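Asks: from the sequence below, what's the structure:
(2 chains)
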Amino acid sequence: MSWRDACGVAARSIGRRLGRAVLTVLAVMLAAALLSALLIVAGAARTRVLSQLSKGGPLAGIQVAAAAPDPGQLDTDNPRPGPARDLDDDALHMIRNLPGVRSVIPLISTPVRVIVPDPPVTGHGTTTASAPEPFTETMTGFDMRHSGQLPITVLSGRLPAPGSLVEVAVTEQYLQRIHAQKTDAKRVVGTELELGAPRVFPNDDTVRGRWTRALIVGVVAQGNAAGDVIAPIEQVQAAQRWSASGVGLDDLPTSKYSGLFVVANGLDQVGPVRNAITQRAGYSTSAPENLIATVQRYLRVVEIVLSGIGLIALVIAALGITNALLAAVRERRREIGVLKAIGARDRDVRRIFLIEASLLGLAGGALGTLAGFLVSQLMAAIVNQYLTEQGLSAVHVGLPVLVFVVGVVGSALLALVAGTVPAQRAARLPARQAMGDL
Amino acid sequence: MRGRALIPTLALLTATVVLLGACTAGKPRTLPRARNGPAFTYVAIGGADTLADGTDDPLRQAWPQVLFRTALPRNATLVNLASSPASVQDVLDRQVPQALTLHPTLVTVLITDDAFRGTPTATFETRLRDALVQLRQGGRARVLVANIPPLDARPGYLACLPGAAAASDCTLDRPVPDVATLDARVDALDAAVARAAAATGANVVDLHAAVLAERAAGRETAEYDPGAISPNAQGQRVIATAFADAYRRSNA
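Replies: Numbering: from 1, shown residues only, chains lettered A, B, ... in the order given. This next block holds a predicted model:
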């Protein structure tokens, strides 16, 4: 008997007992749905928790301050920095060449006068935001091409485009200034700030502003950046150059870089790199590596428990398949006898039952994984509504390819294993005994 | 038969819609990228009016800031070099050299103090022409120069006239010219502004006519706070509108 014939016989057999087949597929589907939903949710939760700990940046990120280390604060995740110490190109070069360092992103800051639009938000919301008097704040800039490596969580909108001179993002602190809630973050996006970099001309006692207009394209959670405004490095450098070319401004920062963000080659390299920066370069560092390591251990335990629950469900489904096929063997003794009488060999009969089991498993697995994805999306929608109400960034729940493949292929394989005993029993059924039951 | 085929099709469609909806739910609104555009440096030159001395919030309400905010491209940068008080001589000595270091694309000039100080018209015209020639940078910069608006209704001036009720509000050097003399000076200086602009290729902003229109509409009084010599926020918007109109005309 060819594979094609065997598939045809198996399919016809499923069709003849459609009710039982549907119930069996449903059992596999429910188990696969449970397993995939648990895995997807656990994965999303893991990403979210770790992202929260690292503030959206890489887990192996280290923040270097333009300050000397405080000897009393060593070996802590967030030490209090010591006295100010300039971060220049030499320090950047030295840190970049330390072993275990993957990349170094410099941050620069400059003071700017900020004029908030009046009104400071668009549309209608729950709160009445108001424009404050112009205020002086720190504008922080970095190379936006590397924004994915920095600990910045976008609450609404996006980060400014790399090299943009007319786009900025604002922090939660800005929302507080305009008396807006976190839930109003999206209403700030699309408004425009006026930013004035200060400068005093020679023979002039007036501070002159170099005013630029910048569209607020996003609101970010307070991360490493100080101040209200986050901008591409080119924008901050232009403001910095303007201020530095004047005379008599005492409160300008002397350090070329206000900080560095160092990415280590892995979580296990964070400690050695931090020690090297602190001891060899002499700068204060901070990184949540101890916290992340602890949380990762807990998350692993949670994942194992959730996977165990899903696997138990799958095993129960497999038992259901075995039971259904054993019943089929009992009911189809006459059919098996006829097949053997017309020349079907044991292996042909075994093949028919295994194909039948695999088809049931495959269908249940595919439908179940899809259902699991939909359930996880539903859960994500509910969670995201809550997070949005709290002014927090939403959780993105995708369908990992691995979960889909494992769900479908795993279910089919499990069904194949579950169908082995009934298939073997059907194959060994002597033709005469099967016919004799007539 | 047709009905039996419809049910699975509807089920499939529903599942697709739910799946697509689930995939896109909660995606935040993002703005399209704003382009940098070519460099555009705007420099404002002038005196108390340009510094917005008569407003509660000079940084936000000064007319150059309003012009910058409402009429210029987003990629423009503004530097307000005005000082108070500033005669045409002060502008020529200090503000013009500072402006030239910035290589401006657009320069606005509004000087009113010479009308109160009694600068001779010929002197004013010579100095203004010298300033405009330099600011034009051989035609590389567009220069908008305003003529002097009527100053005879400004509370800070009226307080300086002999017998004024609110004499303590006077901030000008006494004695100030009487109303007729001041109006005559303003007319003479406005004629000088027109000649200097014509000679240098600068564009004249007819602020005088704009303020007279405000006076005719009965709005001028509300454009000055009590005792002020410079316009308040409302008056600043009038000046900004006049400059914005002139800027758009010069673009055409």
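Asks: in stretch A:375-383, what counts as buried?
Replies: A:375-377, A:379-381, A:383 (16 or more other Cβ atoms under 10 Å in any protein chain shown). In this view, the C-beta of every residue, glycine as well, is placed from N, C-alpha and C.
Asks: quick one: what helix or strand has residue 247 in it?
Replies: Reading this off chain A. Using DSSP states H and E, residue A:247 sits within no helix or strand.
Asks: not quite, I wanted chain B
Replies: With DSSP H and E as criterion, residue B:247 is part of helix B:233-251.
Asks: pLDDT of that helix, averaged?
Replies: Summarised as a single mean, pLDDT over helix B:233-251 is 96.
Asks: on that earlier part again, turn the buried residues of stretch A:375-383 into TSV, columns for secondary structure and distance to residue A:331.
Replies: Shown next, in TSV, are these (DSSP: H, G, I helix; E, B strand; the rest coil; distance: Cβ to Cβ, whole Å):
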residue	secondary structure	distance to residue A:331
A:375	helix	35
A:376	helix	38
A:377	helix	40
A:379	helix	41
A:380	helix	44
A:381	helix	45
A:383	helix	47
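Asks: what's the closest of the residues you listed to chain B?
Replies: residue A:377 (3.5 Å; Cβ to the nearest Cβ).
Asks: how about the nearest residue in space to residue B:125 that is not next to it in sequence, secondary structure?
Replies: Once flanking residues are discounted, residue B:125 sits nearest to residue B:192: 3.8 Å by Cβ to Cβ, 6 or more residues apart in numbering or on different chains. Judged by DSSP: H, G, I helix; E, B strand; the rest coil, the three-state class of residue B:192 is helix.
Asks: residue B:192 and residue B:146: what is the separation?
Replies: As defined by Cβ to Cβ, to the nearest Å, residue B:192 lies at a distance of 13 Å from residue B:146.
Asks: now the phi/psi pair for residue 106, please.
Replies: By default, I'm working from chain A. Per-residue torsions, residue A:106: phi -80, psi 140 (degrees, to the nearest 10).
Asks: actually chain B
Replies: Phi and psi for residue B:106, reported as degrees, to the nearest 10, are phi -140, psi 130.
Asks: repeat for the one 10 residues further on
Replies: The phi and psi values for residue B:116, taken as degrees, to the nearest 10, are phi -70, psi -40.
Asks: and the helix or strand encompassing residue A:140, what does it pack against?
Replies: Assessed by DSSP H and E, residue A:140 sits inside strand A:135-142. Helices and strands touching strand A:135-142, by 3 or more Cβ pairs under 8 Å, 6 or more residues apart in numbering or on different chains; DSSP states H and E, are strand A:101-115, strand A:229-232, helix A:233-244.
Asks: can I assume residue B:133 is in contact with residue B:200?
Replies: Yes. Assessed by Cβ atoms under 8 Å, residue B:133 is found in contact with residue B:200 at 5.2 Å.
Asks: how far off centre is stretch A:320-335?
Replies: Offset of stretch A:320-335 from its chain centre (Cα atoms, centre = their mean, to the nearest Å): 46 Å.
Asks: and stretch A:137-154, by the same measure?
Replies: With Cα atoms, centre = their mean, you get 18 Å for stretch A:137-154.
Asks: pull out the buried residues from that stretch.
Replies: So, applying 16+ other Cβ under 10 Å, buried residues of stretch A:137-154: A:137-144, A:146-147, A:149-154.
Asks: and those residues, which two are furthest apart?
Replies: Largest separation among the buried residues of stretch A:137-154 by Cβ to Cβ: A:137 and A:149, giving 24.6 Å.
Asks: ok, residue A:302 to chain B distance?
Replies: 24 Å (Cβ to the nearest Cβ, to the nearest Å).
Asks: skipping its backbone neighbours, what lies nearest that residue in space?
Replies: Nearest non-adjacent residue to residue A:302 (Cβ to Cβ, 6+ apart): residue A:42, at 6.5 Å.
Asks: contact partners for that neighbour?
Replies: A:299, A:302-303, A:306-307 (Cβ atoms under 8 Å, 6 or more residues apart in numbering or on different chains).
Asks: so which of the buried residues of stretch A:375-383 reach chain B?
Replies: A:377, A:380-381 (Cβ under 8 Å from any Cβ of the partner chain).
Asks: pull the helix or strand with minimum mean pLDDT from chain B.
Replies: The weakest-scoring helix or strand in chain B, judged by mean pLDDT, DSSP states H and E, is helix B:2-24 (a mean of 53).
Asks: next structured bit after that one?
Replies: Counting by DSSP H and E, the next helix or strand C-terminal to helix B:2-24 is strand B:40-46.
Asks: what does the helix or strand that comes right after that next one contact?
Replies: Next in sequence after strand B:40-46, counting helices and strands by DSSP H and E, comes helix B:48-51. By Cβ under 8 Å, 6+ apart, the list of residues contacting helix B:48-51 from outside reads B:44, B:54, B:58, B:62-64, B:80, B:82-86, B:108, B:110, B:112-113, B:229-231, B:239.
Asks: restricted to helices, list those residues.
Replies: B:58, B:63-64, B:113, B:239 (DSSP state H).
Asks: between those residues, which is nearest residue A:321?
Replies: Nearest to residue A:321, judged by Cβ to Cβ, of the ones in helices among the contacts of helix B:48-51 is residue B:64 at 79.8 Å.
Asks: what's the spacing between that closest one and chain A?
Replies: The gap separating residue B:64 from chain A is 9 Å, by Cβ to the nearest Cβ.
Asks: for burial, what's the neighbour tally of the closest residue to that residue other than its chain neighbours?
Replies: Spatially, and ignoring its direct neighbours in sequence, residue B:64 is nearest to residue B:44 (3.6 Å; Cβ to Cβ, 6+ apart). By the criterion of other Cβ atoms under 10 Å in any protein chain shown, residue B:44 has 27 neighbours.
Asks: any low-confidence regions in chain B?
Replies: Confidence mapping of chain B against pLDDT under 70 gives the ranges B:1-29.
Asks: the residue nearest to residue A:302 - that's part of a strand, no?
Replies: No. Residue A:42: not assigned to a strand; according to three-state DSSP it is helix.
Asks: any idea how far residue A:409 is from it?
Replies: Distance from residue A:42 to residue A:409, by Cβ to Cβ: 20 Å.
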